[in-house]
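Enquirer: Could you work out the structure for the sequence below:
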Amino acid sequence: QVSGGEDEIQQLQKALLDYLDENTETDASLVFSRKFYIAQWFRDTTMETEKAIKSQKDEDSSEGAHHAKDVETTGQIMHRAESRKKFLRSIIKTAPSQFSTLKMNSDTVDYEDACLIVRYLASMRPFAQSFDIYLTQ
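Expert: Sure, this is the predicted structure:
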């Protein structure tokens with residue numbers, strides 16, 4: 001379960017990174033997995049920001065009536081993206097062995113929970129969200 005207040009995705013990412021960090025001694029490939037997830041999430045955040053900026057520019061050239069609403073939405077996306085990037089940068093700067101000291105006071109994630117988190121985060125990716133459209137076509 002995810003407690004309120006902080007970004008839900010960020011909490012799930014933190015839990016998954018905690019799990020990967022705890023089990024790096026038993027499986028060396030988890031070090032690569034941890035680095036891959038951090039890089040992928042950073043890239044996703046950057047792409048989300050670029051799409052928001054592009055959609056704002058498209059709205060500026062086509063319509064002016066909904067402009068204030070779109071700027072607010074774009075501002076919220078930019079703020080959320082910057083907080084996620086800041087979180088990921090702090091993890092990148094922290095050595096994996098030191099990362100365990102940053103853990104939240106919560107239950108540890110076991111293998112089944114980690115698999116569930118990975119499935120949930122993967123379902124949030126654009127390809128997974130548009131898979132039904134691909135099947136229909």
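Enquirer: Could you grab the helix/strand/coil label for Thr24?
Expert: Of the three states, Thr24 takes coil under DSSP: H, G, I helix; E, B strand; the rest coil.
Enquirer: For it, give me the pLDDT.
Expert: You'll see Thr24 listed with a pLDDT of 84.
Enquirer: Dihedrals phi and psi, it?
Expert: Phi and psi for Thr24, reported as degrees, to the nearest 10, are phi -70, psi -30.
Enquirer: pretty sure it contacts Phe32?
Expert: No - with contact defined as Cβ atoms under 8 Å, Thr24 does not count as touching Phe32 (9.8 Å). C-beta: built from backbone N, CA, C; applies to glycine.
Enquirer: ok, the two, which is more surrounded?
Expert: When Thr24 is set against Phe32 and neighbours are counted by other Cβ atoms under 10 Å, the residue ahead is Thr24, at 16 against 12.
Enquirer: what's the distance between that one and Lys85?
Expert: 24 Å (Cβ to Cβ, to the nearest Å).
Enquirer: for Phe131, same thing?
Expert: Relative to Lys85, and taking Cβ to Cβ, Phe131 is found at 27 Å.
Enquirer: ok, those two, which is more surrounded?
Expert: Lys85 (15 against 12).
Enquirer: mind listing the helices for the protein?
Expert: For the chain, the helices defined by DSSP state H cover 8-22, 29-62, 67-93, 96-99, 111-123, 126-129, 131-136.
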